[in-house]
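Asks: Give me a 3D structure for the following:
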Amino acid sequence: MVDFALLALFLPTAFLISITPGMCMTLSLTLGLTIGIRKTFWMMWGELIGVGLVAVCAAIGVATIMLEFPNFFTAFKWVGGAYLCWLGIQMWRSRGRMAISLDNTQSKEVSRTGLALQGFVTAIANPKGWAFFVTLLPPFLDTSKPLTQQLIALIVVLLTIEFLCLCLYAGGGRSMRHFLEKSGNVKAMNRVAGTLMVGVGIWLATG
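Replies: Now for the predicted structure:
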């Protein structure tokens, strides 16, 4: 049985956490700016899988194990952060598949798998995400009732809210793109997006 009173309390908590600007939301904003919402959905799927995996692992105690062996986790963060920084530099220079073309203001074809992997790595390698779930989930679980059903309900609610917030940020990126396109400054679009991407990479590596 799911405790709907606890679930009702979890809704606003999850919304406030998700809507707050973070690595994944900034990434969604950046991709919405450069490649549009439709293609950004592929990043979102990877991010949601990552968030769901982190939530499950945190609930069963895997986060404690990862904290006991931080070297692998640190290396994973730095590799992921370096990759995002490299993408950001390419975008800032109006190069690479994610940059908006200076000739026709259209993005080149971007790998769906690559986008999904970006979202997944960003979600998995976020240490604050692990710490958040370790502290967030236990208060909303009733140990006197089956935990599996409760955990499934909480994760479904969380991922639904996370998806909606990702869409809002991607929509913000698209609006920013339309604004910059009116000025005809495609290079500025690439530099804004590149700066945001480098910021996410540094955030991921050093967070």
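Asks: only C-alpha atoms for contact and neighbour calcs from this point on.
Replies: Will do.
Asks: mind listing the helices for the chain?
Replies: For the chain, the helices defined by DSSP state H cover 4-19, 23-34, 37-60, 62-68, 70-92, 112-124, 127-136, 147-182, 186-206.
Asks: ok, and which of those helices has the densest surroundings?
Replies: helix 23-34 (a mean of 27; mean count of other C-alpha atoms under 10 Å).
Asks: rewinding a little: present the helices of the chain as JSON lines; the columns should include mean pLDDT.
Replies: Formatted as JSON lines, those follow (pLDDT from 0 to 100):
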{"stretch": "helix 4-19", "mean pLDDT": "80"}
{"stretch": "helix 23-34", "mean pLDDT": "87"}
{"stretch": "helix 37-60", "mean pLDDT": "89"}
{"stretch": "helix 62-68", "mean pLDDT": "57"}
{"stretch": "helix 70-92", "mean pLDDT": "75"}
{"stretch": "helix 112-124", "mean pLDDT": "90"}
{"stretch": "helix 127-136", "mean pLDDT": "72"}
{"stretch": "helix 147-182", "mean pLDDT": "85"}
{"stretch": "helix 186-206", "mean pLDDT": "73"}
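Asks: Relative to its centre, which residue of the protein is most distant?
Replies: residue 144 (33.3 Å; C-alpha atoms, centre = their mean).
Asks: List the contacts of it.
Replies: If a contact means C-alpha atoms under 8 Å, 6 or more residues apart in numbering, then residue 144 has no contacts.
Asks: So it versus residue 4, what's the distance?
Replies: Counting by C-alpha to C-alpha, to the nearest Å, the gap between residue 144 and residue 4 amounts to 14 Å.
Asks: Equivalent analysis for residue 178, please.
Replies: Per C-alpha to C-alpha, residue 178 is found 42 Å from residue 4.
Asks: again with residue 124
Replies: Relative to residue 4, and taking C-alpha to C-alpha, residue 124 is found at 29 Å.
Asks: for the most centrally placed residue in the chain, what are its contacts?
Replies: By C-alpha atoms, centre = their mean, the mean C-alpha position of the chain lies nearest to residue 24, the distance being 2.3 Å. Residue 24 makes contacts with 47, 119, 122, 123, 166, as judged by C-alpha under 8 Å, 6+ apart.
Asks: Make JSON lines from those residues and add distance to residue 19 to it.
Replies: JSON lines is the format used below for the contacts of residue 24 (distance: C-alpha to C-alpha, whole Å):
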{"residue": "47", "distance to residue 19": "15"}
{"residue": "119", "distance to residue 19": "16"}
{"residue": "122", "distance to residue 19": "16"}
{"residue": "123", "distance to residue 19": "15"}
{"residue": "166", "distance to residue 19": "8"}
